[in-house]
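> just coords:
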């Protein structure tokens, strides 16, 4: 199928789902779009069993989209940059310590706990999954989704400091989770007996700190360029080229694309680019990136729903998918509680926030993209199906109830 036709069909389908949700369902955007996309995929699967010739026309779009490549190499950079550009950097600085701990130590702890619990639980029910694959599964579902989280908590009674922590953590933990996933994937391919810890450590440092350094340099340069002119179209082009430059160079140099674009977005958007009081280019640029964020977000969740068509084996993993959901919730709770217990004096959050932080850990497109990128193995279908169940539960169930959990916890406290 021609590329233009794929994009056209995806945009048309996104517009249809978005209209139905805005006109009748009136659910939060990410939840409504994904729900409709899943319903559409389920109908397609049913039609496929009744009349495969008709289903061939319905499944052509899903089968022609390389979801993993599209998300990781194209959409992710723009989505993360948009979220970082519009984040209040002054608030982030005040909450940087808990954000840093939860997005680094929290992801690593969550991966370790998830892998250990899953290995133990599956062993009890006589499902044999190697421990390293359980850890790999944990690495790809531990990062939270900044797009889904930001769209849902907007307008809730969540205190400003906790909102900043949740948004900041979800921005940075994508990069850490992706690097951890790549490291563990190399271990699974080389074998646990041939682990080169020095090489793994160098790879980790290169990806993380190299990505941050490149994002800081390019972000500062782009900020200076945008500040020196008052031509809005050129300013938009500079910001677009900033995302693309970081994505291309990070890929070539084996650096973390998420960390590079997030750092660049924070530096480019953290200070006003207005050259005088009459120029509102910064505010206009924020609106531009908000629009890009919402459009790509809509298409992303349509694509997530469409992927059900490509997973005919998913119906065989309902039970293990449910186990994965429960194990992940437990791992998420412990990965927040443990740092909070040992570092409670230096973190600006209390124990009552643990449940909210746990329930706000929504998973999204990056988890499915990483699962789809797994090479062929006896455990690929297990991990891919489990990831899909976790993402569906996360977006629809946690997403629909998150604001209720927040508002119940802070019903007597005004938002500060």
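Perfect, thanks for sending it. Keep in mind the model is a prediction, meaning the values are calculated, not measured.
> hang on, residue 358 packs against residue 334?
No. Using CB atoms under 8 Å, residue 358 makes no contact with residue 334, being 9.3 Å away. All C-beta spots, glycine's among them, are computed from the backbone N, C-alpha and C.
> Tell me how far the residue positioned nearest the centre of the chain lies from residue 364.
Closest residue to the average C-alpha location of the chain: residue 145 at 3.0 Å, with CA atoms, centre = their mean. Note on residue 145: its distance to residue 364, by CB to CB, to the nearest Å, is 3 Å.
> Could you do residue 92 as well?
Taken as CB to CB, the spacing of residue 92 relative to residue 364 amounts to 21 Å.
> Those two: which has the busier surroundings?
Remark: of residue 92 and residue 364, residue 364 carries more neighbours, 28 against 19, as counted by other CB atoms under 10 Å.
> which residues touch the more buried one?
Shown in contact with residue 364 (CB atoms under 8 Å, 6 or more residues apart in numbering): 145, 147-148, 300-301, 304, 391, 394-395.
> wait, which of those residues is closest to residue 198?
residue 145 (32.9 Å; CB to CB).
> Please report phi then psi for the residue lying closest to residue 157 once chain neighbours are set aside.
Counting by CB to CB, 6 or more residues apart in numbering, residue 157 lies nearest to residue 410, which is 4.3 Å off, once chain neighbours are set aside. Torsion angles at residue 410 (phi, psi; degrees, to the nearest 10) stand at phi -120, psi 30.
> One more: residue 311?
The phi/psi pair for residue 311 (degrees, to the nearest 10) is phi -120, psi 70.
> Same check on the one 5 residues further on?
Recorded main-chain torsions at residue 316 are phi -90, psi 0, according to degrees, to the nearest 10.
> Look at it and say how many residues are nearby.
By other CB under 10 Å, neighbour count at residue 316 equals 12.
> What lies in contact with stretch 209-227?
Residues contacting stretch 209-227 (CB under 8 Å, 6+ apart): 175, 235, 238-239, 241-242, 245-246, 249-250, 253-268, 271, 273, 275, 281, 285.
> And residue 261, how close does it get to residue 96?
19 Å.
> Give me the contact list for stretch 34-54.
So stretch 34-54 is contacted by 13, 17, 20-21, 25, 27, 55, 58-59, 62, 301-309, 312, 392, 395-396 (CB under 8 Å, 6+ apart).
> now, which of those residues lie within helices?
13, 17, 20, 55, 58-59, 62, 301-306, 392 (DSSP state H).
> confidence score at residue 248?
At residue 248, the model reports a pLDDT of 95.
> Helix or strand next in line after the helix or strand encompassing it, which one?
Secondary structure from DSSP states H and E places residue 248 in helix 232-253. Downstream of helix 232-253, the first helix or strand assigned by DSSP H and E is helix 257-269.
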